[in-house]
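[1] pasting the structure only:
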């Protein structure tokens, strides 16, 4: 836990302005992005503080898969069912504003605006899917 990390505080329910969405994985939390790039834009975050996506190793593959499953489940609970029109990924440092691992879940990807299409561009220099 890092008390200076806003995502750590959100995960511990210490940020009253951020509502957590129902999440079936006790090691993860999910909430809406404060600057949505799509009609559905959620962040899936480990409760335990982890560095950004550059710190991921082979042993983290199950965690990333669980993060993706939570993202899909949250979309479905929010009446979005076309899982072929979803973009998920991580901003690559130094392009991530919070140094706590977080997966962006955006849908429908086909409705991303011009800037969002750039900002969340598939496997770009700054965003990896």
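    Perfect, I can see it now. Computed from a prediction, not measured in an experiment: that's the story for all the values here.
[2] Do you know the pLDDT at residue 104?
    Looking at residue 104, its pLDDT stands at 97.
[3] How about the secondary structure of it?
    Following DSSP: H, G, I helix; E, B strand; the rest coil, residue 104 is assigned to strand.
[4] nearest residue to it other than its sequence neighbours?
    Of all residues not flanking residue 104 in the chain, residue 89 sits nearest, at 5.8 Å (Cβ to Cβ, 6 or more residues apart in numbering). (Each C-beta comes from the backbone N, C-alpha and C, glycine too.)
[5] Contact partners for that neighbour?
    If you count contacts by Cβ atoms under 8 Å, 6 or more residues apart in numbering, residue 89 has them with 103, 104, 120, 122, 127, 128, 129.
[6] repeat that for 6 Å
    Contacts for residue 89 (Cβ atoms under 6 Å, 6 or more residues apart in numbering) come out as 104, 127, 128, 129.
[7] Mean confidence (pLDDT) on the strand or helix carrying it, please.
    In this structure, residue 89 sits in strand 87-91 according to DSSP states H and E. For strand 87-91, mean pLDDT rounds to 96.
[8] just stretch 41-48 next, same as before
    97.
[9] Contacts made by that stretch with the rest, please.
    With contacts defined as Cβ under 6 Å, 6+ apart, stretch 41-48 is touched by 7, 11, 27-33, 67, 70-71, 74, 101-103, 105-106.
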